[in-house]
Structure formats: C-alpha cells, structure tokens
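Enquirer: this one's sequence-less:
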C-alpha cells in the first residue's frame, strides 16, 4: 500500500502558485521582447529599403525617365557638348541632405543587403541605435567614425555597422571570410558628394575590438606597409591587391562572435570613378 502524498500547506501552496505565475510572466515578457525586437528590425529594414528604392528609382530617371521632386535621384550625364558639367556623384546628395543633414555618403554592395546611406554624428554613440531621421531603432545606421574627416580624405576612413541576424546592415560582411564570396564580390561602390569610388577589397579578417588600433592615418610608409602586410596575412586567401602609400583605404567594421569584443573588418582601396 503506497504512502499518501504529502499535501501542500497554505504557505507552500502560495509560493508554488507564485512561482508558476512568475514563470508565466517571464515567458510572456520574453515573447513580448522578441516581438518588439522583430518589429524594430522590420521597421529599420523597411526604412532603409525605402531609401534604397528611391535612389534606384532616381538612377532610372536619370537615364531618361521624368524626374519627380523630392526623390533621391541620380544626376544624369550631359547629352551633348553644350550641356553642363556632370555633378561629382551619381547620387543627388543635395536632395538627400535636405532631409538628413548628417549624410556623408552612400555604400552599395551588389547582390547583398548593403545599400545604405552613410552618416557621421557628433559621436560614435547616437547612430548606434537611431535611424537617419532620428527614430530610435536597434538597427542603427551605417556610421562613419567620429575621428574621420567627412569627405573621405583620410588615409583610412572607418565605417561601423551592426551585425544584424537577418544579414541587414553589416550582417553580411562575414561572408568575406570565404574566398568564393570574395571572388564573386571583389568590389563595392561608394558614392560621396565629392565624387564616386570603386571600393576594391584586399583583406577581410577578425580582430580584437579592444586592442585593434582602428587607424585613420600612419606615421610613414613603413608603418603603412606593415599594416597592409598584417591585414593580408590575417586574410585566409590572397586577393592579389596590395595598396600603396598614396592610396586611401576604407575599413568596414562589424561585430563578430568568435570571442568577446571580436570584430570582423573588411579593408578596401578607394579608386575614383572617372
């Protein structure tokens, strides 16, 4: 004959019920936070997709379609010898800056989510969790480091972006860890108010964000060459591209999850588009 099951006293029953309620509340909070994060991510991605669509539409208009006011339209080339000199960029930054004053450029990588305006704030904190229009959002913005000159004139210009799980923002940069991805995407495009650039990748690797120098310039040719040598040695494949001292570089940085404070960086050479 089995022993009777012990009955919960009033106090024990209270604590058992309270524990169940706390578990349910915790689960509900997790579900709510996950849903809020999903909505936040979708809102950020939708915002940037809209901007990219307007820019693409403007480029199509510049090729012959009628141009609408207020759109981010690319400026067309002169059709005859008597036309005005073409503007320095394919993107109409004058129109873009009327709405978003901190914009300094636009970065695009074909066949990837990277098709974003670049901003520079007063510090490296604000645009970590704000969109171009000031809306708080976990996606943040693609942000030029506060230590850089906004015209991309430094020897190294640094751009920061979040590593979103969806691949948005700079979440797809980790693909450059694979040689086959690099072979399919050896260049990007950078549009700036001063002129446009072909961005030729020459290195991609993981660094310790707590100790990596993130240079904007070098003390001389030897220091520059050593930086390039180390970057190429850390890259798991040979790109065949070796920048020289007179070249300007673009450094893209995003979070990595190899270890604490890990960052994945992609280094490129800026080549002006005639």
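Expert: Thanks, I have the structure now. Quick caveat: nothing in here was measured; it's all calculated off a predicted structure.

Enquirer: helix/strand/coil for residue 167?
Expert: Secondary structure of residue 167, reduced to three states by DSSP: H, G, I helix; E, B strand; the rest coil: coil.

Enquirer: Secondary structure of residue 123: a strand, I assume?
Expert: No - assessed with three-state DSSP, residue 123 is coil; it does not lie in a strand.

Enquirer: My guess is it contacts residue 146. True?
Expert: Yes - counting by C-beta atoms under 8 Å, residue 123 sits close enough to residue 146 to count as a contact (5.6 Å). Yep, even glycine has a C-beta here, placed from its N, CA and C like the rest.

Enquirer: what about the two, which has more around it?
Expert: Residue environment comparison for residue 123 versus residue 146 gives the larger neighbour count to residue 146, 13 against 10, counting by other C-beta atoms under 10 Å.

Enquirer: Count the neighbours of the residue nearest to that one when sequence neighbours are not counted for me.
Expert: Leaving out its chain neighbours, the residue that sits closest to residue 146 by C-beta to C-beta, 6 or more residues apart in numbering is residue 124, at 5.1 Å. A total of 15 residues lie near residue 124 under the criterion other C-beta under 10 Å.

Enquirer: got it, and residue 233?
Expert: One way to gauge burial is a neighbour count; for residue 233, by other C-beta under 10 Å, it gives 9.

Enquirer: List the contacts of the host helix or strand of it.
Expert: Counting by DSSP states H and E, the element that carries residue 233 is helix 221-234. Contacts of helix 221-234 with the rest of the structure, by C-beta atoms under 8 Å, 6 or more residues apart in numbering, involve 155, 202-203, 205-207, 215, 218, 238-239, 242-243, 245, 267.

Enquirer: how about the strands of the stretch 151-274 of the chain, start to end?
Expert: All strands of the stretch 151-274 of the chain, identified by DSSP state E, counting those that start in this stretch, fall at 156-160, 187-192, 195-208, 249-255, 262-272.

Enquirer: Would you reformat the ones you listed as a markdown table and include mean neighbour count and distance to residue 132?
Expert: Putting the strands of the stretch 151-274 of the chain into a markdown table (neighbours: other C-beta atoms under 10 Å; distance: least, C-beta to C-beta, whole Å) gives the following:
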| stretch | mean neighbour count | distance to residue 132 |
| --- | --- | --- |
| strand 156-160 | 24 | 15 |
| strand 187-192 | 21 | 15 |
| strand 195-208 | 20 | 20 |
| strand 249-255 | 22 | 18 |
| strand 262-272 | 20 | 22 |
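
Enquirer: And these: which comes nearest residue 128?
Expert: Nearest of those to residue 128, taken as C-beta to C-beta: strand 156-160 at 7.9 Å.

Enquirer: coming back round to it: now the helix holding residue 233: buried residues?
Expert: Buried positions in helix 221-234, judged by neighbour count with 16 or more other C-beta atoms under 10 Å: 224, 227, 228, 231, 232.

Enquirer: That helix versus strand 195-208: what angle between them?
Expert: Using axes from the mean of the first three to the mean of the last three C-alpha atoms, to 10 degrees, the inter-axis angle of helix 221-234 relative to strand 195-208 is 70 degrees.

Enquirer: Right, I'll call it a day here.
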